[in-house]
Every structure is written in structure tokens, then in C-alpha cells.
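Colleague: okay, here's the prediction I keep looking at, along with the sequence it came from:
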Amino acid sequence: MTQAAIEALLRPRSVTILGASDRSRWSCTAFDNLRQGGFAGTVQLVNRRGGSVHGQAAAQSVAALGEAPDLGLVLLPAEAVAEAVRDLGAAGARSAVILTSGFAELGDAGAAVQREVAEAAGRAGVRLLGPNSLGFINFADGVCAWTTPVRAPTRREGVAIVSQSGATAYFLATLAWRHDVGLSHVVATGNEADLDLAAVALSLLRQPATKSLALFIETLRDPAGFLALAEAALAARKPLVVLKVGTSEVTAKSALAHTGALVGDDRVFDGICAQYGIVRARSVEELLTTADVMGRAGPLRPGGLGIVSNSGGICEIAADSAAARGLVLPELAPEAAAALRETIPGFATPHNPLDLTGAITPEQCEAVVEIVAAQPALAAVLCPYYEVPTEQADMSERLSGLHAALAAGLTRAPVPGFVVSYTATHLTPLSKRIVAETGMPYLACGLDLAVTALAGSARWSGRLRQPPAAVRVAPAPEAERPRSEHAALQVLARHGVPVVPVVLARDAEQAVRAAAAQEGEVVLKIASPDIGHKSDMGGVALGLRGAEAVRTAHDRLRAAALAHAPEAVVEGVLVAPMRPRGIELFVGVTRDPQWGAVLAVGLGGVWVEVLKDVALRLLPVDADEVRRMLESLCGAAMLAGQRGVPAADLDAVAGAIARIGDAALAFGPELVALDVNPLWVRGGQVEALDALCVWQDGEEGA
């Protein structure tokens, strides 16, 4: 019902402005926007004094109108909003936009008023957008229920903007007009007393006029709804671009676990973006440009970027910018280079990026673009060029010819291509006319943002090419809450995780016998549910061989535990084989209070402790997703092998890590953190050498 309600809200046949007044600029602007924005339905007004407002009769209540409006636009003071909502519901209206501020954004008192409004709406059967919302613009259907001035885009399809901030939505819409970006919708969700950003965006995703979504997020009130939106966007093959602000550390975590220190909710959100193919922007300009470029280009085929410009310096800047963002610039094929030499006699060494020089003619320019764009190794072409003239005085026959040639060449190209201004500019009515007449795929955002957008498009397109995640069967719940390392390793083994063979020795003689049963050197570790990081207190002994060495180490570990934690329960010592040098990975699971169980994977040692080189994903994950996590690490090259250490079998590693995630899920919500540090890898050998569990009651098992 929610999606049907949102669609009805955004496509009303009649609108009533409550609190209409000639003295209110909000009311005047909203009325003008509806009248001038192409709204074909009826617009009625309610003012408690009645009379004439905006040149037409105003009723004293919604009921007095004699018919139920589809949508109420509420411009009344906060204390009067609940009654207005009740009035709308009694008259048969089913949706309302609340412009008014003074609610939850003001603190507890305002939050109480907002709850009253939400409760009144629920009882009246009225769905709400807001409060503290500037409204919405449905360009595709000509409905402009918006309370600030509106400039209509040239194209009424393209980017759908959904923002929790009304001012940011206005800035984005204004920037879109300046850059001639097509818009299908602009929605400001405000305080989200009822309908939230994810639900609105999901509705817009299903509209044919929406080619991409640009979201500005201050807080996510419905994480599950947001993930449902992300999954739907992937399935619909429509880009989801997000500018999310605010960073903070996860609060429900234990400082005793490495994972807790490595994971913050903003880093978790980065992992979610990678997992679901969401492109994350870092500025308003990047948000709009990336959504525009991705919506217009659609999914890119595998390949690199071709760059054609009339400036050698710009070619070099573009190449550096592309490389910094992970885009490759494939060299031109020999036959393409030969064709270019014939097209432009005397051209030196054609390559990518391609400098056309200032001597290029329009005819040559068109042919060159077609030759370059036809390269099978390219996924897209970018042409940084002189900006489109903004004034008649800037026009010249040659420049007009060059722009027309670029447009013609790119229009026939088998891959998406854009002409982009060197630097950010704006389009005037003249330049918009030129772009429309030539059909030029033009970007006024400047070179840097265009390259950033294409890099985001390449990542998203790569995610679309990946097979959908395998359907995973939920692991059977674990009844045991392991409080010790030994118990934790045993539980992991039950879930198919390869673990180091370990024996719990209660005294020195048992330790000697356990060591004698192993081939080669052994490791001894203190076994206590009350001691977490054993190496910090001298609770680990490495490289032991022979009975005397084992007996001495056992006694030393016992003494160290007594000195470090006199009250700790010491079960004995763990005896395990000493493994040769390999690759050490860190695998952790923590419970984010908003998103749930989060898997963290990184290289051990300095990589995880100092550089915090970790990849994060929401659980559950399959082995394919784990492989992508491993490949995304800054130190991923170490997995290909080191001197004396064979390359890691990534399939074996990924499978083991996925099963660690399954085990963590089986522990249920009482598990705060699970660390496997290290997960030892040597070629195809994979073993968990250590495990630590932290529970909600503050107890840990190590």
C-alpha cells in the first residue's frame, strides 16, 4: 500500500493549499508553481477566514470545498498542522505535504508535536511527506507542488532527486538547470514523520522517466528499506548515486575486539555501496553529474576510456585524472592509427588520449571521433573541448562546425560519448539551443567531474555484470556461546571452517604429551575465558621443541597469567602445531546497531592495525563476494605470493571466510564481535589459528 500511496501523492488530480494567503510567499510561490508548471488538475484554497486568495475564492475548511482533494499542501503553523491533517482525512483526502518547520528538528518538544501529527495522519488515513519539506516536483507529469521558485529543465526525464534537505534539493535542481541536466522528479522528504527517502526513491525508480536516482541522505531511518531500494535498483539496471553525510563510530561494539576499532558506520556504508553497486558521491556537484552521466550512458560494456581533445595539455590532465580514478586508456589498434594518419595527413603518432590540435577541420573531427569510438577496447569516449558559446558574440562558423561534427560523430558511436567543457560552466538559452539543435551529448560540469562520473559508471557496470549472489540457507542457530578460544575454534570447525588442530592441556605433563604427538615445533597459548589478547601479557610461546622447552613454557605462561589477571579462570594451555610463514589475514564480524552483522576482512599485521586496510560487507555473503572483498584491499597483491610464500588459493580462502560469516550469524544477536586473527594461508592451506568472541553481557571468549 505504501508504494501505491506514494504514486498517488506524486500524481494528484487535485491539490488544495491549506493556509493559503496572499501575504505568504510560500503560498504565492506554491500557487504559481502549480499554475505555471503545467498542472492540469484543479487547485483549491483553504483559509480559515475565507475570502479571495490568489485571485480565487478560498474555503474556510477542506470539508467546505465540497469534494475531496487528492493532495493537501499544508502551510500552517506547527500547532495547527494536526487539526489540518484531521480535516483533510475527514474530507476524504489521502495524502499531504507539510511545509511547516518547528517539529523534531527542534528537539523533544518539537518531536512530541510531530508524533501528534503522525498519529493524527495514521488515524485519518492520510500519508504524509514532511514535515519541514519544500514539497515535490514531478516534471514528468507536470505537477509542481513546490514552495520555492522553479526553473523547468529542458528534458523532463533523467535524474530523480530525493533529498532529506529541502535546501539541498533546491540547490541540486538549480544546478541541474544551469548545466542543462534532465530531471524527472525532485522530492524533499524533510523530517519523514511517515514516508521516508527510501520508500519515495523506490517509487520513483519504477517510473519510466527516471533514468537514475540521486539521493542526499542525512540519516537512514529504515535500513531494510534502503537495502530493498538498492536491490531493486540493481535489478532494474538503474544507477543509484548517493551523497551521505555524517560519520560516527559504531557504539554497540567491544573495544576488546579488533573488529570494533576498525569499523565505523560510515565505513560500513562504504562497504554496502560496494556490495550493492551504489555509487557514492562526495559533493553536490559530483552527485548530480554522476547521476546524469550514468543515467544517460546506461550500463557500459567492459573496456577503457577514449579521450579526444583539441589541447595536448588537456589530454594529459584527462589521462592523469582517469588513471587516478581507476580508468584505463587502451592504446589505439594499429589499423585505427593507420586510418587516423590517412584522415589527418602529417599527424604524428596517434594514440589515446588523442590531441586533435587547433588545425583540425570539422570534417576531419567527425571522422576522427568515429574512428576512435569504434575501438572494441573502449567502453566510453570523452571529448574535452571548447565550451558551447553562451553569447552570440562568442559564435563562429568554425566553432559551430566543430561542435556539430563532434555531435554527429558521438551520436553514431557504438559506445556512450560526451563532449565536456574544460572547466565547469553554465548554459544560457543560446547554448541550450545549440545543444538541442546539434543533438550534442554535452556536459557543462568540467573535465574532472566528468571523469569521476565515468569512473563511477564503470564500477556500477562491472557490478551489473557480476552474477547475483547465491541464495544462502540460514545457518542453524548455535546453542553454545563459546567463552574460550578452544570452544570458539570448535564451533567454527562445526561450520566447516578449517581450524588449526589444538589440544587443551590441563597441566605441564599433558602439554608435553600433546606436543610430542605433533611433528615439528609447537605453539603454547594460555587458555582462559577471562584473558583476551594473550600476546599482550606474555601468554603465548612460539617455536617450542622438546619436552623441557614445552614444560618450561607452560610454567612461564601460567605464572604470567597469574600476575596479569589473578582472578582469571585459567583452564590450562592450548598446544598447537607451529605453522610456517604464510599470509596472515584478519577476519572479523561485528554487530552494527543500524545494519546488523558486518563482516570485516583485511591483511594481518601492520595492514590492519595501522593502515586499517579492511573491506566490509553486510552478512550473509557468498564466496564470490568475499573474493571481491579480497581483491579490493590495498595490499591485495600480497595474496599473489611473496618470497618463500606461495600464492593464496583465493577460492579456498573465500570459502573459509564465508563460513566464518555463517558461524557468526548462527550465534545470533547476542554476539557483539567475532575475531579470527590470524586466518593463516599458505597456498591452498587455510586455517583459523585464533578466535575471540565478545558477547552482549560483556564476557568474551578468547
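Modeller: Perfect, I can see it now.
Colleague: helix or strand with the lowest mean pLDDT in the protein?
Modeller: For the chain, the helix or strand with the lowest mean confidence is helix 258-262, at a mean of 47 (criterion: mean pLDDT, DSSP states H and E).
Colleague: export the following helix or strand past that one to CSV, keeping only CA atoms.
Modeller: Sequence order places helix 265-276 as the next helix or strand after helix 258-262, per DSSP states H and E. Presented in CSV, the C-alpha positions along helix 265-276 are these (Å, rounded to 0.1, in the frame of the first residue of the first chain):
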residue,chain,number,x,y,z
ASP,A,265,29.1,3.2,10.4
ASP,A,266,30.4,5.4,7.6
ARG,A,267,32.9,2.7,6.6
VAL,A,268,30.1,0.2,6.8
PHE,A,269,28.1,2.3,4.4
ASP,A,270,31.1,2.3,2.0
GLY,A,271,31.0,-1.5,2.1
ILE,A,272,27.3,-1.5,1.5
CYS,A,273,27.8,0.7,-1.6
ALA,A,274,30.4,-1.7,-2.9
GLN,A,275,28.2,-4.7,-2.2
TYR,A,276,25.1,-3.3,-3.9
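Colleague: show me which strand runs longest in the protein.
Modeller: Taking DSSP state E as the criterion, the chain has its longest strand at strand 671-682.
Colleague: tell me the strands beside it, with direction?
Modeller: Counting by DSSP bridges, the strands paired with strand 671-682 are strand 583-592 (antiparallel), strand 685-688 (antiparallel), strand 692-695 (antiparallel).
Colleague: in a markdown table: those, plus mean pLDDT and distance to Gly142.
Modeller: To be clear about C-beta, it is placed using only N, CA and C from the backbone, and glycine gets the same treatment. Below are these laid out as a markdown table (pLDDT from 0 to 100; distance: least, Cβ to Cβ, whole Å):
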| stretch | mean pLDDT | distance to Gly142 |
| --- | --- | --- |
| strand 583-592 | 93 | 42 |
| strand 685-688 | 97 | 60 |
| strand 692-695 | 90 | 56 |
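Colleague: which one of those lies closest to Ala64?
Modeller: Nearest to Ala64, of all those, is strand 583-592, at 51.1 Å by Cβ to Cβ.
Colleague: just checking: what are the partner strands of the helix or strand just after the closest one?
Modeller: Following strand 583-592 in sequence order, the next helix or strand is strand 596-603 (DSSP H and E). Under the criterion DSSP bridges, strand 596-603 sits next to strand 583-592 (antiparallel), strand 614-618 (antiparallel) in its sheet.
Colleague: pretty sure Leu464 contacts Ala236?
Modeller: No. With contacts counted by Cβ atoms under 8 Å, Leu464 stays clear of Ala236, the gap being 10.6 Å.
Colleague: coming back round to it: what is the mean pLDDT for the longest strand of the chain?
Modeller: For strand 671-682, the mean per-residue pLDDT is 94.
Colleague: also stretch 391-404?
Modeller: In this model, stretch 391-404 has a mean pLDDT of 81.
Colleague: how about the most centrally placed residue in the chain: what's its closest non-neighbour residue?
Modeller: The centroid of the chain falls nearest to Cys273 when counting by Cα atoms, centre = their mean (3.1 Å). Taking Cβ to Cβ, 6 or more residues apart in numbering, and ignoring the residues beside it in sequence, Cys273 has Arg280 as its nearest neighbour in space, at 4.8 Å.
Colleague: for the one you found, give me its contacts.
Modeller: Val241, Val242, Leu243, Lys244, Phe269, Asp270, Cys273 (Cβ atoms under 8 Å, 6 or more residues apart in numbering).
Colleague: could you do Gly605 as well?
Modeller: Contacts for Gly605 (Cβ under 8 Å, 6+ apart) come out as Glu584.
Colleague: who's in contact with stretch 433-447?
Modeller: Contacts to stretch 433-447, defined as Cβ under 8 Å, 6+ apart, come from residues 154, 178-180, 285, 289, 292-293, 296, 314, 317-318, 321, 384, 387-389, 400, 403-404, 406-408, 410-411, 416-427, 449-450, 453.
Colleague: distance from it to the middle of the chain?
Modeller: Between the centre of stretch 433-447 and the centre of its chain there are 29 Å (Cα atoms, centre = their mean, to the nearest Å).
Colleague: and that stretch, which residues are buried?
Modeller: Neighbour counts over stretch 433-447 (16 or more other Cβ atoms under 10 Å) mark Ile434, Val435, Thr438, Met440, Pro441, Tyr442, Leu443, Ala444, Cys445, Gly446, Leu447 as buried.
Colleague: re earlier: got a quick ChimeraX command for the buried subset of the contacts of stretch 433-447?
Modeller: Only the buried entries of the contacts of stretch 433-447 go into this ChimeraX selection, using 16+ other Cβ under 10 Å:
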select :154,179,180,285,289,292,293,296,314,317,318,321,384,387,388,389,400,403,404,406,407,408,410,416,417,418,419,420,421,422,424,425,427,449,450,453
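Colleague: now, the contacts of stretch 433-447 that are in helices?
Modeller: 178-179, 285, 289, 292-293, 296, 314, 317-318, 321, 400, 403-404, 406-408, 410-411, 449-450, 453 (DSSP state H).
Colleague: low-confidence regions, the stretch 301-450 of the chain specifically.
Modeller: By pLDDT under 70, the low-scoring segments of the stretch 301-450 of the chain are 345-349, 393-394.
Colleague: can you map out the strands along it?
Modeller: Counting by DSSP state E, counting those that start in this stretch, the stretch 301-450 of the chain has strands at residues 304-309, 354-355, 378-385, 417-421, 442-443.
Colleague: repeat that for the stretch 101-250 of the chain.
Modeller: Counting by DSSP E, counting those that start in this stretch, the strands of the stretch 101-250 of the chain are 127-129, 135-138, 143-146, 158-163, 183-188, 210-217, 240-244.
Colleague: can you check the stretch 451-600 of the chain too?
Modeller: Going by DSSP E, counting those that start in this stretch, the stretch 451-600 of the chain shows strands at 503-505, 522-527, 540-544, 572-577, 583-592, 596-603.
Colleague: columns mean neighbour count and distance to Leu492 on top of those, output as TSV?
Modeller: What follows is the strands of the stretch 451-600 of the chain, written out as TSV (neighbours: other Cβ atoms under 10 Å; distance: least, Cβ to Cβ, whole Å):
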stretch	mean neighbour count	distance to Leu492
strand 503-505	19	15
strand 522-527	25	16
strand 540-544	17	19
strand 572-577	24	14
strand 583-592	25	10
strand 596-603	24	14
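Colleague: any chance of JSON lines for those strands, columns distance to Ser21?
Modeller: What follows is the strands of the stretch 451-600 of the chain, written out as JSON lines (distance: least, Cβ to Cβ, whole Å):
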{"stretch": "strand 503-505", "distance to Ser21": "79"}
{"stretch": "strand 522-527", "distance to Ser21": "76"}
{"stretch": "strand 540-544", "distance to Ser21": "76"}
{"stretch": "strand 572-577", "distance to Ser21": "77"}
{"stretch": "strand 583-592", "distance to Ser21": "47"}
{"stretch": "strand 596-603", "distance to Ser21": "48"}
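Colleague: great, nothing more from me.
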